[in-house]
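Novice: Sequence and computational prediction follow.
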Amino acid sequence: MGKKNNKDRVILVRCSEWEIRQINELSRKNHQTRSAYVRNCALHGTAREQPVEIMDALRDLDYLNRKIGNNINQIVKASHARGFVMKEDTDALSRLLTRLDKSYEKVYRKLVRKRHGNHKAAASERA
């Protein structure tokens, strides 16, 4: 079961039209919702930017997961209607699964590089 989102409290903040436009723009640039952006700035003093490459890869993963789910539903429906699964269906699913694996690997490599980069930076700061 997924983690429950317990963000059920609201804080009202008065802003000028210009400030709202700035907050909206900065939250978009940081690939965050306005709420997450303001929360991160208030609690951490920064927006905690995510690298664009990681956000793009995660969006691609989400897209591929949805496509796979759609294909699986089509395959199940076809197999029930015809009593068998067509080769084109399984080939399409296989291609999407391969793309998904490559995307997961891409995200993993970027996260590992980022983590190792952060450790190197922290070590050089301690020296």
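Specialist: Ah, there it is.
Novice: what's the neighbour count on the residue nearest to Ile23 when sequence neighbours are not counted?
Specialist: Distance criterion CB to CB, 6 or more residues apart in numbering; nearest residue to Ile23, sequence neighbours excluded, is Arg34 at 6.0 Å. Heads up, the C-betas are built off the backbone N, CA and C, glycines and all. When neighbours are defined as other CB atoms under 10 Å, Arg34 has 13 of them.
Novice: how much space is there between Arg34 and Val10?
Specialist: For Arg34, the distance to Val10 equals 13 Å [CB to CB, to the nearest Å].
Novice: Same check on Lys29?
Specialist: Relative to Val10, and taking CB to CB, Lys29 is found at 24 Å.
Novice: do Asp56 as well
Specialist: Relative to Val10, Asp56 is positioned 31 Å away (CB to CB).
Novice: quick one: which of those two has more around it?
Specialist: A direct count of neighbours by other CB under 10 Å for Asp56 and Val10 places Asp56 higher, at 14 against 6.
Novice: Give me the mean pLDDT for the helix or strand where that one lies.
Specialist: When secondary structure is defined by DSSP states H and E, Asp56 falls within helix 52-82. Model confidence over helix 52-82, given as mean pLDDT, is 80.
Novice: and it, what does it pack onto?
Specialist: With contacts defined as 3 or more CB pairs under 8 Å, 6 or more residues apart in numbering; DSSP states H and E, helix 52-82 has these neighbours: helix 87-126.
Novice: Many thanks, I have nothing further to ask.
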